[in-house]
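In: Here is a sequence together with a model predicted from it:
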Amino acid sequence: MSGRKLTVDWKHTAEELYAHYNNTPNTQIARRFQALALLRRGRTLKETAAIVGVSILPAYSPELNPVERVFCELRRCVEGVVYGSLEAKMAAVAGALGGLCDGMVRLVG
């Protein structure tokens, strides 16, 4: 995480954030309040992520996003061809998607 600074304009104290955390029935939202409270109390982003149970991903990580692999494979199937119309290209994309369905487990698994 070096190089990226977390800047937060704090409007609530850690105690207020913990109160929201304890009174929020939605566990996803409660976890966010917990993370904010931990950060407000001076925990690092890495420590907070470990406590809350989330992973910190790079700003852009296509190798961790399975749909990026699908789009890459789809582009590979239809690139380099001049299509006579939009409908022709859409048909080629549809055909490529149909072909990818059979190999989808290989692409995302």
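Out: Great, that's in hand.

In: can you pull the contacts of the nearest residue to residue 93 once chain neighbours are set aside?
Out: Leaving out its chain neighbours, the residue that sits closest to residue 93 by CB to CB, 6 or more residues apart in numbering is residue 78, at 5.8 Å. (C-beta placed from N, C-alpha, C; glycine too.) Residue 78 makes contact with 89, 92-93, 96 under the criterion CB atoms under 8 Å, 6 or more residues apart in numbering.

In: what's the least confident helix or strand in this protein, going by average pLDDT?
Out: Lowest on mean pLDDT, DSSP states H and E among the helices and strands of the chain sits helix 104-108, with a mean of 51.

In: Could you list the low-pLDDT ranges of this structure?
Out: Low-confidence segments of the chain (pLDDT under 70): 1-9, 61-64, 102-109.

In: How is it partitioned into domains?
Out: 1-56, 63-108 (automatic domain parsing).

In: next one: the shortest one to chain centre, how far?
Out: Right, domain 63-108. Relative to its chain's centre, domain 63-108 lies at 22 Å (CA atoms, centre = their mean, to the nearest Å).

In: again with the first one
Out: Between the mean C-alpha point of domain 1-56 and the mean C-alpha point of its chain there is a distance of 18 Å (CA atoms, centre = their mean).

In: Restricted to helices, list the contacts of residue 78.
Out: Counting by DSSP state H, those place 89, 92-93, 96 in helices.

In: ok, of those residues, which come out buried?
Out: Buried members of these, counted by 16 or more other CB atoms under 10 Å: none.

In: From the residues you listed, pick the one nearest residue 30.
Out: For the ones in helices among the contacts of residue 78, the minimum distance to residue 30 (CB to CB) is 42.1 Å, reached by residue 93.

In: the helices in the chain, which residues?
Out: Remark: helices assigned in the chain by DSSP H are 14-23, 27-40, 45-52, 66-78, 86-102, 104-108.
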